[in-house]
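S.K.: Sequence plus predicted model, see below.
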Amino acid sequence: MLEDYPKHAVLKDETVVTLRPMVQEITEQKQIQAQILQAGKMAAVGELAGQVAHEVNNPIAILGAKARLLLLDHRDGMSAKTAQELAKIINLSDRVARIAQGLLTYCRPSAAMRTPLDVRIPIRKALSMVEHRARMAGVQLEEHLSDPVPLIKANGNEIEQVFLNLFLNALDAMPQGGAAGDLHP
């Protein structure tokens, strides 16, 4: 009689009971527990990344600002080598600041929420963030944005980050200064 049933069946009080549903349920519960544990780990990593970004952001901003001031105030009296080293410090501090900002952006909850957005707003915010660096590098920024512009459905923080990265890359590509040209969205 038992040979008529699969190997995962047992006889209990002359009733055949299969273990498959119980094994499947236990397996599913273990998978759910593993997913919950992984989600908890990811949340902890995200929180830690946000804390690290905050801790790094302030000192690196101060370091970059001090290097900029030294370069601006004492450029005439310093050697070309010292000026180059200060420029490296400025570039590296800007890079670390961008990485920290990226971590903060990544760690923000509901970053993927998209709403109607006037694209000029994140463009202007990003421009204001690079304005000082552009001036220090001898780059002239000009803003020529259409009025009015249609609204786009997007996340303002993400769009701002895209334009910030674009502007910073453009500044990095103009080490000798100059005019950045017109910006037309």
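M.R.: Alright, I've got the coordinates. Numbering: from 1, shown residues only.
S.K.: May I have stretch 130-137 as PDB, with CA atoms only?
M.R.: Extracted in PDB, the C-alpha atoms of stretch 130-137 (Å, rounded to 0.1, in the frame of the first residue of the first chain):
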ATOM      1  CA  VAL A 130      29.000  75.200  -8.600                       C
ATOM      2  CA  GLU A 131      29.000  79.000  -8.900                       C
ATOM      3  CA  HIS A 132      31.800  79.600  -6.400                       C
ATOM      4  CA  ARG A 133      34.000  76.900  -7.900                       C
ATOM      5  CA  ALA A 134      33.400  78.200 -11.400                       C
ATOM      6  CA  ARG A 135      34.400  81.700 -10.300                       C
ATOM      7  CA  MET A 136      37.500  80.300  -8.600                       C
ATOM      8  CA  ALA A 137      38.400  78.400 -11.800                       C
END
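S.K.: Mind listing residues that contact it?
M.R.: The contact list for stretch 130-137 (CB atoms under 8 Å, 6 or more residues apart in numbering) reads 68, 71-72, 90, 94, 140-141, 164, 167-168, 171, 174-175, 177, 180. The C-beta positions use only the backbone N, C-alpha and C, and glycine is treated the same way.
S.K.: Please identify which of these is nearest to residue 47.
M.R.: Taking CB to CB as the measure, residue 47 lies nearest residue 164 of the contacts of stretch 130-137, at 23.8 Å.
S.K.: Over to the closest one. Which of the three states is it?
M.R.: Here residue 164 is recorded as helix under DSSP: H, G, I helix; E, B strand; the rest coil.
S.K.: Model confidence score at it, please.
M.R.: Residue 164 is assigned a pLDDT of 86 by the prediction.
S.K.: Wait, residue 156 touches residue 122, no?
M.R.: Yes: using CB atoms under 8 Å, residue 156 makes contact with residue 122 at a distance of 5.3 Å.
S.K.: Which one's more surrounded, those two?
M.R.: Using other CB atoms under 10 Å as the criterion, residue 156 and residue 122 rank with residue 122 on top: 21 against 16.
S.K.: coming back round to it: give me the buried subset of the contacts of stretch 130-137.
M.R.: 68, 71, 90, 94, 141, 164, 167, 168, 171, 180 (16 or more other CB atoms under 10 Å).
S.K.: The residues you listed: which two are farthest apart?
M.R.: Farthest-apart pair in the buried ones among the contacts of stretch 130-137 is 71 and 164; separation 22.3 Å (CB to CB).
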